[in-house]
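K.L.:
Sequence unavailable; structure follows:
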């Protein structure tokens, strides 16, 4: 009982059923109005026709009476009464008692008043078999000058017959309505709203955590398909972000746990150490380790801020040529100390819409990397900073002669915490290129990695290029 | 604070860990508005050890009250505070015509928040986490700024002279030729003579970038500058303060 109740309630919660019910009610109201209206109109027309016919007959009968007296009147009435489908004829005495006619009895009082009877009245026709069945009729009564009363009427059939016809018409109409509603329910409910059900079922699974679920997309390309498609795109983006987030948290767990563990061990060592100088060294190591951790956190924070795009508000037209030259100038002594020759090839006056701090930090990261990795190659160690316009983009490159990155690993190194140097012998957070890429994305550009020389050269070198969309002149 | 004279950077640096740096600004009094009580206790203790009197307020409202009622040389205000946030404290102070230099501490990202903080009337900005030496150096520079004659045209440290108008640098009367960037570097160091200047401060004031340089780029510039101004002279002026930064000072 209870499950069936709740199922019923569930059924009514469905839009299809509610829509169908609404349609039924509206259609039924319309149909009822139509039927009633048409009935009333045709009844009126019918009544008018009857009246006209009866009036004509009364004129004839009066004429006969005037011409030939009561005899001619009786003959005429008799003749007419015998015809098939004849009207009703009654001749009554001055007190209303029936003298002649083709009906058995008339509702009392009908013959007492001259003129139209108004409302239909009851009468009993002659019947060959069985008890008489009451019929209704409308009639015109007139009094002759000798006191006799003459009634000419028209049979309207059994009472309620007409209403019966109307009721049947209504029933048929309602049945059609019902079928129509069923059809609508199948049409909309089964076909269209069921798809919403499928969509919500899929979303329920997604909410439950299965982000690989996708909403069903049909072939018709209608509104539902378009909705599903755009929701699927959104899901893909969410899944990608989620995947990235999980990967980052895995990496964080790994990359922060390691230095944290080292930090902890060093602190424990320092605590148990008696010799002052060793303890000092351990404490200094702790500070260095903490600094690296802080840097990692800062870089992570920075990347997420850049990726969230909240920095976009601070964009302005900036001189990329000047930034490139400044950065090269800032890094030139450091490069020289590392035994690298830093040269520039900068096209002057190139401007982009951007954030100077972020672009500066991105170039610094590239130069840091170049100095870090370019010096242990066989080639003549050198770094070149290049800036030029190429079509509708500005290309800012930092090129080195170092060992380079194999082509199949180039996408990999842009990811957070990815460091190809497995031994982690060089200091770094593994976030440098991730930040550069985030900065480029914020500026509507991209980051390209390529070999400085031929791919198969030894060493091939690495060129990292920041590609900016050029400012419209 | 530093007695030995360095030949090379690495061997004779004054280690930060040898003891807390001492403030060279006498009788400085500052207000720290910070809701993290542990951080505040560490800070006030470290400031006191450096010879700076530090009062503490733990929320924005009481900080605003203390800042309005007393005279401080510098205020260190955390960005996120209960009852009234740091930015609002600063703008309210400025509205009341209290122009004490303010350093904003923030755990938020560096790039955009810095701009917000400085627009509200802050004078300097330091993202958390920070090294105390960095905070101390910045607070001292801010405290000094109040009385420092900005209009001075010639900076002098010992026998080193820097003419800001003619862009000439002399030591012991002999001209020292510097690159434009080296000149600006020396100018900033000499403007804050006797005070610790961190690498981040140098990157900010000489190159106009506001982040932690992380590598030795600044150090190499400083050592180039050092070789130019000290090469032919016995007396070192530019010192490396380990774990903190640099300081130019004439050890009399």
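P.N.:
Yep, it's here. Keep in mind that this is a model prediction, so the values were computed, not measured. Numbers count the residues shown, from 1 in each chain, chains lettered A, B, ... in the order given.
K.L.:
Just list what the longest helix seen in chain A packs against, helices and strands only.
P.N.:
Looking across chain A with DSSP state H, the single longest helix is helix A:15-82. Helix A:15-82 is packed against helix A:2-13, strand A:88-92, strand A:98-101, strand A:135-143, strand A:149-155, helix A:161-184, with contacts defined by 3 or more CB pairs under 8 Å, 6 or more residues apart in numbering or on different chains; DSSP states H and E. Yep, even glycine has a C-beta here, placed from its N, CA and C like the rest.
K.L.:
now these as CSV including mean pLDDT?
P.N.:
Output for the helices and strands packed on helix A:15-82, formatted as CSV (pLDDT from 0 to 100):
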stretch, mean pLDDT
helix A:2-13, 58
strand A:88-92, 84
strand A:98-101, 80
strand A:135-143, 82
strand A:149-155, 83
helix A:161-184, 77
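K.L.:
Distance from the chain centre to the helix or strand of chain B with the lowest mean pLDDT, please.
P.N.:
Ranked by mean pLDDT, DSSP states H and E, the weakest helix or strand in chain B is helix B:111-119, scoring a mean of 75. Helix B:111-119 has its C-alpha centroid displaced from the chain centroid by 18 Å (CA atoms, centre = their mean, to the nearest Å).
K.L.:
Do a quick rundown of the helices in the stretch 101-250 of chain B.
P.N.:
B:111-119, B:132-147, B:180-191, B:199-206, B:217-230 (DSSP state H, counting those that start in this stretch).
K.L.:
who in chain A is up against chain B?
P.N.:
By the rule CB under 8 Å from any CB of the partner chain, the part of chain A lying against chain B is A:280, A:283-284, A:287, A:291, A:294-295, A:297-298, A:301-302, A:305, A:310-311, A:313-314, A:326, A:329-331, A:333-334, A:336-337, A:355-358, A:360-361, A:364, A:368, A:371.
K.L.:
ok, of those residues, which come out buried?
P.N.:
The neighbour-count test (16 or more other CB atoms under 10 Å in any protein chain shown) applied to those identifies A:283-284, A:294-295, A:297-298, A:302, A:305, A:311, A:314, A:326, A:329-331, A:333-334, A:355-358, A:360-361, A:364, A:368, A:371 as buried.
K.L.:
Take the helices and strands packed on helix A:15-82 and lay them out in a markdown table including mean neighbour count.
P.N.:
What follows is those, written out as a markdown table (neighbours: other CB atoms under 10 Å in any protein chain shown):
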| stretch | mean neighbour count |
| --- | --- |
| helix A:2-13 | 9 |
| strand A:88-92 | 21 |
| strand A:98-101 | 15 |
| strand A:135-143 | 19 |
| strand A:149-155 | 23 |
| helix A:161-184 | 14 |
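K.L.:
For residue B:180, which of those is the nearest?
P.N.:
Of all the helices and strands packed on helix A:15-82, helix A:2-13 sits nearest to residue B:180, with 76.9 Å by CB to CB.
K.L.:
Give me the distance from the host helix or strand of residue A:399 to the chain's centre.
P.N.:
Element membership for residue A:399 (DSSP states H and E) is strand A:393-400. Computed by CA atoms, centre = their mean, the chain-centroid distance of strand A:393-400 equals 45 Å.
K.L.:
Using the three-state scheme, assign residue A:349.
P.N.:
Secondary structure state of residue A:349, per DSSP: H, G, I helix; E, B strand; the rest coil, is coil.
K.L.:
Please determine how far it is located from chain B.
P.N.:
Plainly put, residue A:349 is 20 Å away from chain B if you go by CB to the nearest CB, to the nearest Å.
K.L.:
need the contact list for the closest residue to that residue other than its chain neighbours.
P.N.:
Once flanking residues are discounted, residue A:349 sits nearest to residue A:321: 5.8 Å by CB to CB, 6 or more residues apart in numbering or on different chains. Contact analysis of residue A:321 by CB atoms under 8 Å, 6 or more residues apart in numbering or on different chains lists A:346, A:347, A:348, A:349, A:350, A:387.
K.L.:
In the record's domain split, what are the boundaries for the chain?
P.N.:
No chain in the question, so chain A it is. According to automatic domain parsing, chain A comprises the domains A:15-163, A:214-308, A:313-469.
K.L.:
that's the wrong chain, I meant chain B
P.N.:
Taken from automatic domain parsing, chain B resolves into B:18-147, B:151-248.
K.L.:
who wins for proximity to residue A:78 among the ones you listed?
P.N.:
domain B:18-147 (114.2 Å).
K.L.:
ok, back up a step: the helices and strands packed on helix A:15-82: which one's closest to residue B:232?
P.N.:
Nearest to residue B:232 among the helices and strands packed on helix A:15-82 is helix A:2-13; the distance by CB to CB comes to 93.0 Å.
K.L.:
Tell me how far residue A:320 lies from residue A:253.
P.N.:
38 Å (CB to CB, to the nearest Å).
K.L.:
More neighbours: which of those two?
P.N.:
Each of residue A:320 and residue A:253 has its neighbours counted (other CB atoms under 10 Å in any protein chain shown); residue A:320 has more, 26 against 10.
K.L.:
Over to that one: give its phi and psi.
P.N.:
phi -70, psi -30 (degrees, to the nearest 10).
K.L.:
Could you pull up the residues touching it?
P.N.:
Here residue A:320 is in contact with A:350, A:351, A:352, A:354, A:359, A:387, A:394, A:396, A:468 (criterion: CB under 8 Å, 6+ apart).
K.L.:
repeat that for 6 Å
P.N.:
With contact taken as CB atoms under 6 Å, 6 or more residues apart in numbering or on different chains, residue A:320 is in contact with A:350, A:352.
K.L.:
where does it sit relative to residue A:395, distance-wise?
P.N.:
10 Å.
K.L.:
residues touching residue 172, list them.
P.N.:
I'll assume chain A. Per CB under 6 Å, 6+ apart, neighbours of residue A:172: none.
K.L.:
Oops, wrong one, chain B.
P.N.:
Shown in contact with residue B:172 (CB under 6 Å, 6+ apart): residue B:159.
K.L.:
For it, give me the pLDDT.
P.N.:
pLDDT, residue B:172: 84.
K.L.:
next one: phi and psi at it?
P.N.:
phi 60, psi 30.
K.L.:
Within its local environment, how many residues does the nearest residue to residue B:187 once chain neighbours are set aside see?
P.N.:
Excluding the flanking residues, the one nearest residue B:187 by CB to CB, 6+ apart is residue B:162, at 6.0 Å. When counting by other CB under 10 Å, one arrives at 24 neighbours for residue B:162.
K.L.:
Now do the same for residue B:162: its pLDDT.
P.N.:
89.
K.L.:
Please identify the buried residues of stretch A:56-64?
P.N.:
A:57, A:58, A:61, A:64.
K.L.:
Give me the pLDDT value at the first one.
P.N.:
Predicted confidence (pLDDT) for residue A:57: 84.
K.L.:
ok, it - contacts?
P.N.:
For residue A:57, counting by CB under 6 Å, 6+ apart, the contacting residues are residue A:152.
K.L.:
What's the separation between it and residue A:76?
P.N.:
10 Å.
K.L.:
pretty sure residue A:200 is in a strand, no?
P.N.:
No - using three-state DSSP, the secondary structure at residue A:200 is helix, not a strand.
K.L.:
Count the residues that sit near it.
P.N.:
Residues lying near residue A:200 (other CB under 10 Å) number 12.
K.L.:
any idea how far chain B is from it?
P.N.:
Taken as CB to the nearest CB, the span from residue A:200 to chain B is 39 Å.
K.L.:
Please list all residues in contact with that residue.
P.N.:
By CB under 6 Å, 6+ apart, residue A:200 has no neighbours at all.
K.L.:
Now do it, the pLDDT please.
P.N.:
pLDDT, read off for residue A:200, is 83.
K.L.:
cool, residue A:472 as well?
P.N.:
59.
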